[in-house]
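**Q** Just the structure for this:
(one chain, ligands or ions: 1)
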Amino acid sequence: MTTSLPSPYSDLIIGTAPPNRRRDTIAVLDPSSGELLSSVPDGTVDDGLAAVDAAAKAFRSWRATSPRGRAEILRRCWEAMTERRDEIARLISLENGKTLSDALGEVDYAAEFFRWYAEETVRTTGQLGTSPNGANQIMVSYEPIGVAVLITPWNFPAAMATRKIAPALAAGCPVVLKPASETPLTSYLIARICAEAGVPDGVINVVTTSRSGEVVSAMLHDPRVRALSFTGSTEVGRVLLREAADTVLKSSMELGGNAPFIVLDDADPDQAVDGLMTAKMRNGGQACTAANRIYVHRSLVGEVSRLLAGRFAELVVGPGTDPATGCGPLINDRAVDKVASLVESAVAAGARVLVGGERPARAGSFYAPTVLVDVPPRADIVRTEIFGPVAAIIAFDSDDEAVRAANDTHLGLAAYVYTSDLRRGLRMAGELEAGMVAVNRGLLSDPAAPFGGVKESGLGREGGSEGMLEFMESKYIATSW
Ligand code: NAP
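**A** Numbers count the residues shown, from 1 in each chain. This next block holds a predicted model:
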C-alpha cells in the first residue's frame, strides 16, 4: 500500500494502515543539511502484528519452495541490486550521509549476501550417524525456524538488512524488518527490489515506527515469531535479550564495538596508515568495526601520527552525495555533540590535537576529521565507542602491553594488527579477545565469513554458513532400522 506523501521517495513507502486512515509519520532528514527528505509511516503495535501475520501466512509456502527455487529468487535479488547500484547508493548517501564511494561499497557488500546465500541455499545438508552402542542411527535435519524479526541500525542501512534477510530467506524463513528511524528509505527500496525480483508477498515485511520498544515488544511476544536478529547498541541488545527470554526466542545479537588497531614496531607506517584510513574513516568512523583505540609502538608514533594527520587534513568535508567529499556528516546533531564532548574531555586529560578538533562552520551534522595524540590510556575516548571521524593514538612499549590494553574492555567485536612478521601478527590475533581480527588489513567484512563479536559485543554470527544456521533448528530423529 502506498501513502500519498509528497516526496520523491513516496512511491517506496509500503504501509499497513487502511487507505482511508490518516496516519502519523516519521520525518527522514538529510544529515548534511537538516532538510526533510521524506516521511515514512509511524507504525503502531497493530501494524507490527499485521506484519507478523503476513509473515506467518507466507511461511508455509516459502518453506515449501524448493531450495533451488529459493536460490534462484535470491540470485535475482543480487542481480537487481547490482543493476540498481547507483540508485541505491545515492539513497543511502542521502539519508545516512556517507560518501558516495562508501555507499557504493555498501551496496556491493549488501547485494553479495543475496548471491552468497543463493549458492548456500542448495547446500543445506543433514547428518546421519551411528549411536555409540552401535544399535541405532542418529538422523539430524535442519529446518527453518519460522518468522524472524530483524532490527537494524542506521549506519549500514542496506548491508545490515541484507545480512539478515538473505540467510533468513535462504533458510526458508519469512521476515519482519524494523529499520532504524533515521534511515528507513533504503529498507523500503530493498524490499521493493526484492519483491520485483520475485520474493513472494508476505516473505519480506517492513515496519517503521518511532515507538520501537512498544512495537518490537509486541512482535516478540507473538508466539508465531521464533527468531530475533538484532544489530545495534549493546544497551538496546540487553533490553531485547530480556524481552526474548519471555518466549525463549532464538536470538542473534550484533552489538557495539571498541576495536583496537595495533601498529607493531616492525610495521610499514605507510601501509598501517592506509589500513587506518579504511578501518577508521569508512562511513566517517560510524562503523561497529571502526578502529576506536589506535595503539602505536612508541618508536613509530611520530611518523604514523604525522602521516595520518596529513591524510585527514586532505579530506573534503561535505554532503556525501558530492563526489568530492571524503568525509560526510554524522547521522545527527546528537552524534556530533557526543564526539565533540569526547574530544574535549580527552584534551582536558592531556591529549593533543594534530588536526581537526572542531565543528566545521557550516549547516548540517558535521565534525572535522581529527587526530589526537598523547591520549591517556584511561581517557573516556578510549573506553567509549566514538562513532565519528576521530583517531585517538596511544603509545605502547611492548607486545604484551598492547594486548593487555586491547583486551581491557567488556566489548570484543573487531581488532586490527599491523606487522611485517606474519607469525607475530597471527600469534597476537590468537591473544586478542575479539570475534574478528584483521592482520595487515583495514577491512574485514566479507559475506562468506562469520561476522560477530565476543564478550558484550554479541551472540551468534552473521554471514558464512553460520549465518544461515541462525535461522534454522536442528531436528534429531531417532529410529530403529
Ligand atoms: P540502537 O540505538 O541500538 O538502534 C538500533 C535499532 O534498534 C534501531 O532500529 C532502533 O530503532 C532499534 N531500537 C532502539 N531501541 C529499541 C527498543 N527498546 N526495542 C526495540 N528496538 C529498539 O543503535 P544505533 O545507534 O542505530 O546503531 C549504532 C550501534 O550499532 C553501535 O553501537 C554500533 O557498534 C552497533 N552496530 C553493531 C554492528 C555489528 O554487526 N556488531 C553493526 C552496525 C552497528 P530506532 O531507530 O527507531 O530507535
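
**Q** If you drop the residues flanking it in sequence, what lies closest to K164?
**A** Nearest residue to K164, sequence neighbours excluded (CB to CB, 6 or more residues apart in numbering): L150, at 4.3 Å. Using the backbone N, CA and C atoms, a C-beta is placed for each residue, glycine as well.

**Q** what lines up beside the strand or helix carrying that neighbour in the sheet?
**A** In the assignment (DSSP states H and E), L150 maps to strand 147-151. Take DSSP bridges as the rule and strand 147-151 pairs in its sheet with strand 175-178 (parallel), strand 225-231 (parallel).

**Q** Please put the alpha-carbon coordinates of that strand into PDB.
**A** Output in PDB follows, covering the C-alpha atoms of strand 147-151 (Å, rounded to 0.1, in the frame of the first residue of the first chain):
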ATOM      1  CA  VAL A 147       9.000 -15.900  11.400                       C
ATOM      2  CA  ALA A 148      12.100 -13.800  12.200                       C
ATOM      3  CA  VAL A 149      12.100 -10.200  13.500                       C
ATOM      4  CA  LEU A 150      15.100  -8.300  12.200                       C
ATOM      5  CA  ILE A 151      16.100  -5.000  13.700                       C
END
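
**Q** going forward can the numbers begin at 48, since that is how I track them
**A** In the new numbering, first residue 48, that becomes strand 194-198.

**Q** Return the distance of the helix or strand following it from the chain's centre.
**A** Toward the C-terminal end, the helix or strand that comes next after strand 194-198 (DSSP H and E) is helix 206-218. Helix 206-218 sits 12 Å away from the centroid of its parent chain (CA atoms, centre = their mean, to the nearest Å).

**Q** what does stretch 302-315 give?
**A** Worked out by CA atoms, centre = their mean, stretch 302-315 lies 20 Å from the chain centre.

**Q** near the ligand, which residues of this structure show up?
**A** Among all residues of the chain, those adjacent to the ligand (criterion: CB under 6 Å from any ligand atom) are 198-203, 207, 225-228, 259-260, 263, 278-280, 283, 286-287, 301-304, 335, 432, 460, 500, 505.

**Q** And the buried ones among the residues you listed, selectable in PyMOL?
**A** Restricted to buried positions by 16 or more other CB atoms under 10 Å, the PyMOL selection for the residues of the chain next to the ligand reads:
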select buried, resi 198+199+200+201+202+203+207+225+226+227+228+259+263+278+279+283+287+301+302+303+304+335+432+460+500+505
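
**Q** Nearest spatial neighbour of the residue in the stretch 148-297 of the chain positioned nearest to the ligand, chain-adjacent residues omitted?
**A** Residue nearest to the ligand within the stretch 148-297 of the chain (CB to the nearest ligand atom): G279, separated by 2.7 Å. Computed as CB to CB, 6+ apart, the closest residue to G279 that is not its neighbour in sequence is P200, at 4.6 Å.

**Q** Let's see the pLDDT reported for the one you found.
**A** At P200, the pLDDT value in this model is 98.

**Q** Could you do the one 10 residues further on as well?
**A** Confidence per residue is given as pLDDT, and for R210 that number is 98.

**Q** Next up, the contacts around the nearest residue to it once chain neighbours are set aside.
**A** Sequence neighbours aside, E509 is the residue nearest to R210 in space, at 4.9 Å (criterion: CB to CB, 6+ apart). E509 makes contacts with R210, K211, P214, S276, T278, S299, E301, P497, F498, G499, E517, as judged by CB atoms under 8 Å, 6 or more residues apart in numbering.

**Q** Would you agree the first one is in contact with G514?
**A** Meaning R210. Yes: between R210 and G514 there is a contact under CB atoms under 8 Å: 7.3 Å.

**Q** so what's in contact with the two at the same time?
**A** Residues touching both R210 and G514 (CB under 8 Å, 6+ apart) are F498.

**Q** Please enumerate the helices of the stretch 248-397 of the chain.
**A** For the stretch 248-397 of the chain, the helices defined by DSSP state H, counting those that start in this stretch occupy 259-267, 281-293, 316-328, 348-361, 380-395.

**Q** now, of these, which is deepest in the fold?
**A** helix 316-328 (a mean of 21; mean count of other CB atoms under 10 Å).

**Q** Can you give the contact residues for that helix?
**A** 306, 308, 310, 336-338, 341, 343, 347, 350-351, 354-355, 358-359, 362, 373-374, 416, 436, 438, 463, 465, 485, 487-490.
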